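>>> the sequence isn't on hand, but the structure is:
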């Protein structure tokens with residue numbers, strides 16, 4: 001008698017992801033999608049980059065893909081930004097299908113929600129908010145670009161870049177990304193605002209909308225808002241100090257454009273890979289600094305990747321508490337459970353292991369400096385999309401490594417490992433004994 005195999009929630013999420021990725025790869029490979037033929041590996045890489053909301057590209061989006069191909073990329077970005085299961089839910093609802101309890105549980109798991117009784121209400125608000133902010137962003141961009149190009153192009157460019165910005169995917173329709181827009185503060189402000197809103201997390205947006213007062217917000221929302229502000233402006237200051245004299249990046253720009261470039265690139269480190277300066281011209285120490293920020297990433301239930309701002313904050317607070325000799329972590333008159341600290345450490349450790357392995361393999365397959373390989377891997381893992389002009393030169397092996405890292409970064413390293421493990425039916429407790437550390 002054949003034993004029926006049951007898939008766990010992580011395995012189902014990954015299978016749905018892979019299925020949509022397969023369809024996206026096929027659609028990008030067919031002749032109608034491209035102006036010139038591309039290899040299967042490039043079609044797979046671009047589909048992976050789009051559905052993970054990364055923005056790394058082995059070929060230029062604007063000159064390689066037709067309107068059909070660009071729309072496919074945009075749809076994959078939208079599916080990845082909303083979340084695989086949320087997008088699948090929309091499809092089921094359009095067909096008039098009701099979700100089962102198991103499907104609701106999977107949907108809750110994908111959104112990091114403990115309770116799934118009101119999950120459909122959350123999904124509807126999530127969809128409404130995403131389309132609302134994208135529409136506002138597109139309108140603002142259109143008002144600016146209508147004076148620079150034909151209204152049809154202005155409308156299409158506005159919609160494309162608004163969706164890419166909100167979903168933290170650094171795809172642009174210009175070969176130089178957004179470098180030509182560095183002297184336009186209005187465009188930079190709109191794009192960066194969309195990146196921040198999309199990267200802070202839908203649960204925070206809902207909390208802010210419902211509470212309307214910082215004091216009444218949940219602990220998670222407070223951590224995300226303060227953490228995001230601190231990371232953006234500290235990143236801006238450090239980037240400016242490191243690069244304001246570098247003629248290969250921003251050294252030749254006026255002071256106001258240097259400040260805008262520093263601010264914008266700091267925002268993009270929240271996992272949106274647009275660039276207004278030549279990343280390949282940055283100093284090595286600047287690239288390493290950016291790696292640290294890209295590793296942190298955006299917020300939980302957001303369109304971004306990384307280990308998340310909240311994870312980094314909990315680890316930082318636990319270290320500070322340990323150095324002060326405190327046994328517990330307190331923040332805004334709330335205590336953080338020790339099990340959460342263990343989860344944060346596990347996420348960070350597993351993430352570092354994946355990154356270390358990928359960098360090791362990339363240094364074997366590619367003829368490039370170590371810092372360039374490290375930057376590319378962390379950019380892929382954090383679903384950032386920034387590159388030091390290296391993605392175009394990747395070998396087939398390098399493309400596979402970076403593509404897999406984008407997949408792991410989007411799905412989450414813990415989810416990947418859980419999909420490979422079996423659930424324990426019994427928990428056995430053993431006597432405790434101390435282990436010497438430090």
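Noted; the coordinates are in hand. If you're wondering where the values come from, they're calculated on a predicted model, not measured in any experiment. Numbering: from 1, shown residues only.
>>> same for the helix or strand in which residue 121 is found, what does it pack against?
Here residue 121, judged by DSSP states H and E, is contained in helix 119-145. Packing partners of helix 119-145 (3 or more C-beta pairs under 8 Å, 6 or more residues apart in numbering; DSSP states H and E): helix 67-82, helix 84-94, helix 101-110, helix 151-166, helix 185-200, helix 202-211. Quick note: C-beta positions are derived from backbone N, CA and C, even for glycine.
>>> contact partners of the last one?
Helix 202-211 has contacts (C-beta atoms under 8 Å, 6 or more residues apart in numbering) with 111-112, 122, 125-126, 129-130, 197, 217-218, 220-221, 224-225, 299-302.
>>> what's the following helix or strand after that helix?
Trace forward from helix 202-211 with DSSP H and E and the next one is helix 219-243.
>>> tilt between whichever helix or strand comes after that next one and helix 185-200?
Going down the chain from helix 219-243, the next helix or strand is helix 255-268, by DSSP H and E. Interaxial angle of helix 255-268 relative to helix 185-200 (axes from the mean of the first three to the mean of the last three C-alpha atoms, to 10 degrees): 20 degrees.
>>> ok now helix 255-268, how far from the chain's centre?
Distance of helix 255-268 from the chain centroid (C-alpha atoms, centre = their mean, to the nearest Å) equals 20 Å.
>>> buried set for it?
257, 258, 259, 260, 261, 262, 263, 264, 265, 266, 267, 268 (16 or more other C-beta atoms under 10 Å).
>>> distance of the last one from residue 333?
Noted for residue 268: a distance of 34 Å to residue 333, by C-beta to C-beta, to the nearest Å.
>>> show me the contacts for residue 351.
Here residue 351 is in contact with 295, 307, 381, 413 (C-beta under 8 Å, 6+ apart).
>>> need the phi and psi values for it.
phi -60, psi -50 (degrees, to the nearest 10).
>>> distance of it relative to residue 311?
From residue 351 to residue 311 the distance is 9 Å (C-beta to C-beta).
>>> tell me how far stretch 30-41 lies from the chain's centre.
Per C-alpha atoms, centre = their mean, the centroid offset for stretch 30-41 relative to its chain is 26 Å.
>>> show me which positions of it end up buried.
33, 34, 38, 41.
>>> for stretch 316-325, same thing?
So stretch 316-325, judged by 16+ other C-beta under 10 Å, has buried residues 317, 318, 321.
>>> and it, how far from the chain's centre?
With C-alpha atoms, centre = their mean, you get 28 Å for stretch 316-325.
>>> hmm, who's touching stretch 322-333?
With C-beta under 8 Å, 6+ apart, stretch 322-333 has contacts from 219, 222, 223, 314, 317, 318, 321, 335, 336, 338, 341.
>>> tell me the contacts of the first one?
When contacts are counted by C-beta under 8 Å, 6+ apart, residue 219 touches 331, 332, 334.
>>> who does the first one form a beta bridge with?
So the one you mean is residue 331. When bridges are called by DSSP bridges, residue 331 pairs up with residue 334.
>>> before we move on, the earlier item: let me know the closest of the buried residues of helix 255-268 to residue 57.
residue 268 (15.0 Å; C-beta to C-beta).
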